[in-house]
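Visitor: the amino acid sequence is not available; the structure is as follows:
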């Protein structure tokens, strides 16, 4: 807990008291407990995601990513395992473990100065604490959670359940002291490769090269002097934006029917060629992952009328 100076609207210097929730007031790790209750092997999955959070924040230092964003990575798995807002509300209300005399201390300090709770914990858990303490929810800032407002296709849910099983089959990532990049995790590449294999994800590796080096070199070789642009990110979101783009000549999309329909609709305005497939391919099978079908889809045939004679 900490106190700091503030200046109220009236202009008189005052003091406010700002505290976290888990630790100073309660003894829970609510997100971990929710995962353990509703996801098979949830506590172990939480440990792996939490360590991945450490990697993104402390090693990779990903722009826009903050330490503690583990709670942003968990909700897709909650949704994949059919957890509802009511499940979280009821579970959180039953599981608040208070630090001895925490409520008395909170009430005493509140009588002296404005008190605020700032926590990464989920809304239902903070609401349950506020109900117990008689503390105003308006003076709380926490991680919003609204699972029921989010629709997830069953195909995506199944992929996440498969990914959870694959993650649980592997050990927790070990981050060496002083690690500053993914290269410092090189001894764990076989572990990552095994996880990708378990998920059925095709992988190509070349010693001494990053993935974008390999893709860029191969693409440049086949396209000669033309520039090669590599864009990575969420498949469906990127495909939709590329379908709308006036300077992109064509889009190939392999994924769910709903997303394919959105991409075909978005491309209609600029007459873009779209190859959309919603049937799962075995990309390691030469008959399905390469061949003349891909060549024909990559070539646009134009007919030219040349009149001659009388």
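Guide: Looks like it came in fine. As the structure is a prediction and not an experimental result, all values here were calculated from the model.
Visitor: and the biggest strand by length in the chain, what's buried?
Guide: Scanning the chain for the longest strand, with DSSP state E as the assignment, gives strand 115-122. Buried residues in strand 115-122, counted by 16 or more other Cβ atoms under 10 Å: 115, 117, 119, 120, 121, 122. Heads up, the C-betas are built off the backbone N, CA and C, glycines and all.
Visitor: just stretch 133-153 next, same as before
Guide: Those would be 133, 135, 140, 142, 143, 145, 147, for stretch 133-153 by 16+ other Cβ under 10 Å.
Visitor: next: stretch 276-292.
Guide: Neighbour counts over stretch 276-292 (16+ other Cβ under 10 Å) mark residue 276 as buried.
Visitor: that stretch spans what distance, first to last residue?
Guide: 17 Å (Cα to Cα, to the nearest Å).
Visitor: how distant is that stretch from the center of its chain?
Guide: Mean-position distance between stretch 276-292 and its chain equals 27 Å (Cα atoms, centre = their mean, to the nearest Å).
Visitor: mean confidence for that stretch?
Guide: For stretch 276-292, the mean per-residue pLDDT is 84.
Visitor: one step back: what would the buried residues of strand 115-122 look like in TSV with pLDDT?
Guide: Below are those laid out as TSV (pLDDT from 0 to 100):
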residue	pLDDT
115	94
117	96
119	92
120	88
121	91
122	92
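Visitor: for these, give me a markdown table that also has distance to residue 241.
Guide: Listed next are those as a markdown table, based on distance: Cβ to Cβ, whole Å:
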| residue | distance to residue 241 |
| --- | --- |
| 115 | 45 |
| 117 | 39 |
| 119 | 35 |
| 120 | 31 |
| 121 | 34 |
| 122 | 31 |
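Visitor: and the contacts of the host helix or strand of residue 53?
Guide: Residue 53 belongs to helix 42-54 when assigned by DSSP states H and E. Helix 42-54 is contacted by residues 31-32, 34-36, 39, 67-70, 73-74, 77, 164, 167-168, 170, 172-173, 175 when judged by Cβ atoms under 8 Å, 6 or more residues apart in numbering.
Visitor: one more pass at 7 Å, please.
Guide: 31-32, 35-36, 39, 69-70, 73-74, 77, 164, 167-168, 172-173, 175 (Cβ atoms under 7 Å, 6 or more residues apart in numbering).
Visitor: now do the buried residues in the helix or strand that that helix is followed by.
Guide: With elements assigned by DSSP H and E, the helix or strand that comes after helix 42-54 is helix 70-73. Using 16+ other Cβ under 10 Å as the test for burial, helix 70-73 gives 70, 71.
Visitor: which secondary structure elements does the helix or strand that comes right after helix 70-73 contact?
Guide: Toward the C-terminus, helix 70-73 is succeeded by helix 75-80 as the next helix or strand (DSSP H and E). In this structure, helix 75-80 packs against helix 154-168, with contacts taken as 3 or more Cβ pairs under 7 Å, 6 or more residues apart in numbering; DSSP states H and E.
Visitor: show the average pLDDT along the helix it packs on.
Guide: 89.
Visitor: again, but for stretch 174-185
Guide: 78.
Visitor: end to end, how far does it reach?
Guide: Start and end residues of stretch 174-185 are separated by 8 Å (Cα to Cα).
Visitor: contacts for it?
Guide: 54, 55, 59, 60, 188.
Visitor: now find how far off-centre it is within its chain.
Guide: On Cα atoms, centre = their mean, the centre of stretch 174-185 falls 21 Å from that of its chain.
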